[in-house]
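1. Pasting the sequence and the predicted model now:
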Number of protein chains: 2
Amino acid sequence: MKDQIVISKATIDRLPLYFRTLRQIQQEGVEIISSEELGRRIGVTPEQIRKDLASFGEFGKKGVGYFVRELIRNIGEILGLHRNWNVAIIGVGHLGWALANYRNFSSLGFNLAAVFDVDPARVGQIVSGVEVTHLDYLEKICKERNIHIGIITVPAQFAQDIANRLVASGARGIWNFAPIKINVPPEVRLVSEDLSVGLSSISYYLSRQADQ
Amino acid sequence: MKDQIVISKATIDRLPLYFRTLRQIQQEGVEIISSEELGRRIGVTPEQIRKDLASFGEFGKKGVGYFVRELIRNIGEILGLHRNWNVAIIGVGHLGWALANYRNFSSLGFNLAAVFDVDPARVGQIVSGVEVTHLDYLEKICKERNIHIGIITVPAQFAQDIANRLVASGARGIWNFAPIKINVPPEVRLVSEDLSVGLSSISYYLSRQADQ
DNA sequence: TCAACTATGTGAAAAATATAAAAAACTCGG
DNA sequence: CCGAGTTTTTTATATTTTTCACATAGTTGA
């Protein structure tokens, strides 16, 4: 293991892609796969895949390829997916609801342990097997249920406050969907999703096509 | 304008961020802003912002800053947000429903013009002001309503087929949320979102913290 | 009008990332 | 057991992207 070397962010972001695809490949009954074939299925060059994987150790067998089962286990461990993280969703609007019901998360080992909202109509309802708690109890519940990661799907103006409260309650990771910049202490991992980026970039490229 | 120079993808992906933040700033009544201040609010270095903007022209005024209204208009035009793209959502599951109701899209000038599903229980329902049509009529409706961009939120195994049909019906951009690689002709712009990436990368960094 | 100040625009350096080439290790048929 | 064919790993090179430093241009107040 080359633990001392810093792994590039780009590599980390590709690992989930490899992981997902390898599991699909495993379900098809394939036991060994080459970087060539894996790259073809993912849409990444074989060199890229080999380089990414090699930065964590020697997972492949020269002249043979990668053992699918073994590689899935290794990538899973690298990503920490074997740790059963407890996640909470704050804000059961359309998006929060969709994320709560997103099958992929549980299949990746994330455990939806709490869901919060302020709307009295939503509090008490069951969302993906979890009862919606009023936001007032965020600190209490997060500590009780040992929440590691908070998913913020509240309107932008409340996002920073929710983030502060999550951090104060022990959360070490925050996944923010509110369209605003939020600040967290350096030891807390923050990932922000901006859904307008994807659509806007399509718009950009279509506009340029049209101009020509 | 430096049209002949290829703009980096990273720059394009930051423009929506600038756009969104500038509109917030405008709503606060601010008329002029420096790259310093804008950078502080977005979480990007001022140099980065200046460089990004300068690659499209000279939008700022030296010694002054950027005129907020003017810059919003310019970035909007660069991104093609003034063109009123017609978008269709295919698959009214949790995520499709959330996206259909996502306020930000209409505020960016995207016009939800069609929604498709196969479930008889959903066909005929109104989602965000649009009646859900059966998937069988995808080609017909997309042509009739001049759909520019298709948003794919169907299960992975159907995604490629939907993409093919969208392209055949005239769509020039595809925003794919299905967790699988899809192929489109080179003239069609494809952006794929992978929601498992964000959460997995948080898991990765938390794991490493814990190890230490 | 001039000097001090402010903030953009830009070219060069540095860092990060991706691609290509070479070296090493394994398989398989004969 | 050997040599041709595979496929990974490692090293080197190229490209992309970010950061840095500074020249340029506009503002303001005396």
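-> Here it is on my side, so go on.
2. Show me what the longest helix anywhere in chain A is in contact with.
-> Using DSSP state H, we find that the single longest helix of chain A is helix A:9-27. By CB atoms under 8 Å, 6 or more residues apart in numbering or on different chains, the residues outside helix A:9-27 that reach it are A:33, A:38, A:41-42, A:44, A:48-49, A:51-53, A:55, A:68-69, A:71-72, A:75-76, A:78-79, A:81, B:179-181, B:194, B:196-197, B:200-201, B:204. C-beta coordinates here come from the backbone N, C-alpha and C atoms, glycine included.
3. buried set for that helix?
-> Neighbour counts using 16 or more other CB atoms under 10 Å in any protein chain shown place A:12-23, A:25 of helix A:9-27 among the buried residues.
4. Off-centre distance for that helix?
-> Helix A:9-27 has its C-alpha centroid displaced from the chain centroid by 12 Å (CA atoms, centre = their mean, to the nearest Å).
5. Over it, what's the mean pLDDT, rounded is fine.
-> Predicted confidence along helix A:9-27 averages 96 (mean pLDDT).
6. Indicate whether that helix makes contact with DNA strand C.
-> Yes - Helix A:9-27 comes into contact with DNA strand C (CB under 7 Å from any atom of the strand), by way of A:Lys9, A:Ala10, A:Thr11.
7. Let's have those in a markdown table, adding distance to DNA strand D.
-> Listed next are the residues of helix A:9-27 next to DNA strand C as a markdown table, based on distance: CB to the nearest atom of the strand, whole Å:
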| residue | distance to DNA strand D |
| --- | --- |
| A:Lys9 | 11 |
| A:Ala10 | 10 |
| A:Thr11 | 12 |
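8. and which of the residues you listed is nearest B:Lys61?
-> Taking CB to CB as the measure, B:Lys61 lies nearest A:Lys9 of those, at 35.2 Å.
9. What strand or helix carries the closest residue to A:Phe56 other than its chain neighbours?
-> Nearest residue to A:Phe56, sequence neighbours excluded (CB to CB, 6 or more residues apart in numbering or on different chains): A:Ile78, at 5.6 Å. Using DSSP states H and E, A:Ile78 falls within helix A:68-79.
10. Can you give the contact residues for that helix?
-> With CB under 8 Å, 6+ apart, helix A:68-79 has contacts from A:15-16, A:18-19, A:22-23, A:25-26, A:30-33, A:53, A:56-57, A:59, A:82, A:109, B:200-201, B:203-204, B:207.
11. Give me the next element, helix or strand, following the longest helix of chain A.
-> Next element after helix A:9-27 (DSSP H and E): strand A:32-33.
12. same for that next one, what does it pack against?
-> strand A:65-67 (3 or more CB pairs under 8 Å, 6 or more residues apart in numbering or on different chains; DSSP states H and E).
13. Quick one: check the strand it packs on for contact with DNA strand C.
-> No - on the criterion CB under 7 Å from any atom of the strand, strand A:65-67 is out of touch with DNA strand C, staying 9.5 Å away.
14. about what we covered before: tell me how many other residues crowd the residue nearest to A:Phe56.
-> 24 (other CB atoms under 10 Å in any protein chain shown).
15. Could you do A:Glu131 as well?
-> 11.
16. which SSE is it in?
-> Using DSSP H and E, A:Glu131 maps to strand A:130-134.
17. And for A:Glu139?
-> Using DSSP H and E, A:Glu139 falls in helix A:138-144.
18. which residues in chain A form helices?
-> Here chain A has its helices, by DSSP H, at A:9-27, A:35-42, A:46-54, A:68-79, A:94-100, A:103-107, A:138-144, A:156-168, A:195-211.
19. so can I have a markdown table of the ones you listed showing distance to B:Leu166?
-> Listed next are the helices of chain A as a markdown table, based on distance: least, CB to CB, whole Å:
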| stretch | distance to B:Leu166 |
| --- | --- |
| helix A:9-27 | 23 |
| helix A:35-42 | 22 |
| helix A:46-54 | 28 |
| helix A:68-79 | 32 |
| helix A:94-100 | 21 |
| helix A:103-107 | 23 |
| helix A:138-144 | 41 |
| helix A:156-168 | 31 |
| helix A:195-211 | 13 |
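20. Tell me which of those is the most buried.
-> Among the helices of chain A, ranked by average contacts under mean count of other CB atoms under 10 Å in any protein chain shown, first place goes to helix A:94-100 (a mean of 23).
21. I'm done for today, thanks for sticking with me.
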